[in-house]
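A.B. asks: Can you look at this prediction? I've put the sequence above it.
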Amino acid sequence: MKLSQYKEKKNHKKIIAIAFVIIGLIGGVILEKTFANFKVQKSFKVMEGNFIYEGSGDVIFAFYNGDESLTQMPQIDDKFTFEKGECDKGASVEWNKEKWAPLVMGLKETKTTCKLYFKEYPTLNEYLIELAKTKTTQLVYDGKESLGEYGTDDNNLRFFGANPDNYVTFNNEKWRIIGVMNNVEDESGNKKSHVKITRDTSIGSYSWDSSPSNVNSGDGVNEWSQADIQQVLNENYYKKEAGGTCYVNYGNSKISCPKWEEIGIDEEARKMISKVKWPIGTLESMDAYNAGSVTPAVMYKAERGGKHPKLCSNTSTCNDEIERTTTWTGYVGLPSITDVEFAPAEWSNNSRFGTECVQVGINAYSFWYGSECHSNDWLSRKDFWLLSPLPLNLSDALNINDDSYGYNIVTTRACSAGQNIYPTVFLDSDVRVIMKDDNDYGSSYNPLQIYMKDV
């Protein structure tokens with residue numbers, strides 16, 4: 001810890017600061033003994049020379065991050081906020097935010113000691129959990145405690161509604177926060193909470209997967225671990241490197257890939273992404289779909305435990321030899337069907353979570369999912385691929401598409417079809433948010449600013 005002493009001269013125009021170095025203190029700081037070793041300096045700056053006082057006398061400052069002592073006062077760009085201050089000998093201290101300086105009042109004696117407590121900017125996880133206490137019209141928990149049998153075991157925190165303030169600057173672009181996902185497993189098997197985000201705009205329309213004409217009639221294979229778009233997202237896009245192969249139709253019909261070196265993930269953003277195990281399971285059979293009882297809670301459980309068996313009504317056309325998996329470890333994926341299904345507001349009130357929407361099942365053939373719900377769901381973007389496969393055919397995956405009435409609905413399509421791609425990632429738990437007092441912080445025109453803490 002560094003203690004700094006400030007003394008008022010008679011002309012009240014100059015400040016003499018005395019910096020104290022404490023040597024050999026174990027188990028705490030004894031302020032009464034800080035005068036044992038010191039040197040006198042003719043100038044000492046507190047945030048560019050700012051130190052405000054009222055009264056007469058001198059003061060010794062000690063700086064803390066919670067219970068941890070700091071060697072110096074945090075600077076304005078050190079990503080700290082001022083928490084509180086306390087002084088002895090009848091003095092008090094307040095904080096001048098504009099000047100980033102302490103204001104000491106009631107100085108009457110010498111050797112007055114003031115402790116200043118600071119706090120690092122919160123993690124994005126912590127920030128969103130705190131925000132949920134006040135932004136109840138935009139953030140909701142999807143757990144069983146709040147939704148009963150229609151909730152999840154993980155009790156994730158999600159943004160909902162037609163257009164919540166869930167924008168964040170990532171990779172020098174606007175992305176949107178899906179929510180705080182709990183019990184996310186990394187490649188080492190550790191489980192933590194991670195913020196899940198998705199790009200605000202599509203990187204283009206491409207096949208989920210395509211295949212030669214003699215494999216599933218050229219319509220692709222619905223196994224994400226080997227999918228064509230997965231490979232370029234986690235190689236060329238993630239590494240910001242040119243190359244890769246992109247498809248947009250059946251039979252491995254190629255199309256030019258985007259310029260990954262221009263739109264890919266830059267080095268600073270890559271530091272913020274966690275490599276995790278993505279749940280890519282699905283229902284074990286079509287019976288549940290046919291029963292019309294596939295609520296978001298049912299599908300959420302299936303994503304994390306479904307067997308994804310090989311089911312096909314015609315083995316001559318569904319003939320791939322690819323083994324299906326229920327998890328995939330990587331950096332960049334797509335939104336899941338349950339991300340969309342847990343995001344709507346009520347049909348008639350966009351400021352309340354759409355409880356009635358999560359109680360609706362999906363029909364096996366048209367995959368209606370409360371079409372009115374999707375008009376109040378920010379994630380029901382038109383014509384885009386979801387991460388979720390379908391057990392009905394080996395070449396089908398789920399997507400969001402519009403119906404004849406203009407609603408965006410959950411539907412299914414051959415993996416080779418061209419649909420919009422919205423890259424999606426899980427952020428590292430140490431990603432922090434720069435604090436601002438703006439009421440519109442997180443909106444499209446004032447996105448959250450995040451950074452990766454050095455660890």
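C.D. replies: Arrived safely, thanks for sending.

A.B. asks: Flag the shaky bits of the stretch 151-300 of the chain, pLDDT-wise.
C.D. replies: 285-292 (pLDDT under 70).

A.B. asks: show me where it has helices.
C.D. replies: Along the stretch 151-300 of the chain, counting by DSSP state H, counting those that start in this stretch, helices occupy 228-232, 238-239, 260-263, 267-270, 287-290, 296-303.

A.B. asks: Of those, which is nearest Glu54?
C.D. replies: Nearest to Glu54 among the helices of the stretch 151-300 of the chain is helix 267-270 (43.8 Å), distances taken as CB to CB. All C-beta atoms are positioned from the backbone trio N, CA, C, and that covers glycine.

A.B. asks: ok, Gln230 to Cys257 distance?
C.D. replies: 14 Å (CB to CB, to the nearest Å).

A.B. asks: higher neighbour count, those two?
C.D. replies: Gln230 (22 against 18; other CB atoms under 10 Å).

A.B. asks: dump the residue contacts of that one.
C.D. replies: Neighbouring residues of Gln230 by CB atoms under 8 Å, 6 or more residues apart in numbering: 224, 328, 330, 332-333.

A.B. asks: if you set the cut-off to 7 Å instead, what comes out?
C.D. replies: With contacts taken as CB atoms under 7 Å, 6 or more residues apart in numbering, Gln230 has the following neighbours: Trp224.

A.B. asks: what do you get for Ile337?
C.D. replies: Contacts of Ile337 (CB under 7 Å, 6+ apart): 299, 386, 388, 398, 410.

A.B. asks: Specify which member of those is nearest to Asn446.
C.D. replies: Asn446 lies nearest to Leu386 out of the contacts of Ile337, by CB to CB, at 29.2 Å.

A.B. asks: Could you identify the longest strand within the chain?
C.D. replies: In the chain, assigned by DSSP state E, the strand with the most residues is strand 173-185.

A.B. asks: Just checking: what are the partner strands of that strand?
C.D. replies: Paired with strand 173-185 in the same sheet, following DSSP bridges, are strand 157-159 (antiparallel), strand 167-170 (antiparallel), strand 191-199 (antiparallel).

A.B. asks: Point out the most buried one among those.
C.D. replies: Highest mean neighbour count among these (mean count of other CB atoms under 10 Å): strand 157-159, with a mean of 25.

A.B. asks: What residue, apart from its backbone neighbours, is nearest Ser336 spatially?
C.D. replies: Leaving aside its sequence neighbours, Ser336 sits nearest to Leu387 (CB to CB, 6 or more residues apart in numbering; 4.8 Å).

A.B. asks: Next, count neighbours for Ser375.
C.D. replies: 16.

A.B. asks: got a list of what it touches?
C.D. replies: Tyr407.

A.B. asks: That one and Ser146: what is the separation?
C.D. replies: As for Ser375, its distance to Ser146 is 23 Å (criterion: CB to CB).

A.B. asks: Then Asn439?
C.D. replies: The separation that Asn439 has from Ser146, given CB to CB, amounts to 26 Å.

A.B. asks: more crowded one of these two?
C.D. replies: Neighbour totals were compared for Asn439 and Ser146, and Ser146 leads with 13 against 9 (other CB under 10 Å).

A.B. asks: Put the alpha carbons of the helix or strand hosting the more buried one into PDB.
C.D. replies: Assigning secondary structure by DSSP states H and E places Ser146 in helix 144-147. Extracted C-alpha coordinates of helix 144-147, given in PDB (Å, rounded to 0.1, in the frame of the first residue of the first chain):
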ATOM      1  CA  LYS A 144     -38.300 -23.300 -13.200                       C
ATOM      2  CA  GLU A 145     -38.700 -21.000 -10.200                       C
ATOM      3  CA  SER A 146     -40.100 -18.400 -12.500                       C
ATOM      4  CA  LEU A 147     -41.700 -20.500 -15.300                       C
END
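
A.B. asks: For the nearest residue to Asp438 once chain neighbours are set aside, list each beta-bridge partner.
C.D. replies: The shortest distance from Asp438 to any non-neighbouring residue, by CB to CB, 6+ apart, is to Asn446 (5.8 Å). Beta-bridge pairing for Asn446 (DSSP bridges): Ser443.

A.B. asks: what do you get for Thr169?
C.D. replies: Going by DSSP bridges, Thr169 forms beta bridges with Lys174, Gln449.

A.B. asks: Would you confirm that it contacts Tyr451?
C.D. replies: No - if you go by CB atoms under 7 Å, Thr169 and Tyr451 don't touch, sitting 10.0 Å apart.

A.B. asks: Can you give me the neighbour number for Ile129?
C.D. replies: 16.

A.B. asks: before we move on, which element is it in?
C.D. replies: Using DSSP H and E, Ile129 falls in helix 124-131.

A.B. asks: State the phi and psi torsions of Lys89.
C.D. replies: The phi/psi pair for Lys89 (degrees, to the nearest 10) reads phi 60, psi 40.

A.B. asks: List the contacts of it.
C.D. replies: Lys89 neighbours (CB under 7 Å, 6+ apart): 108-109, 112.

A.B. asks: Try it again at 8 Å.
C.D. replies: Taking CB under 8 Å, 6+ apart as the criterion, Lys89 is in contact with 108-109, 111-113.

A.B. asks: In strands only, show me those.
C.D. replies: Residues from the contacts of Lys89 lying in strands, with DSSP E as the criterion: 112-113.

A.B. asks: Perfect, I'm done here.
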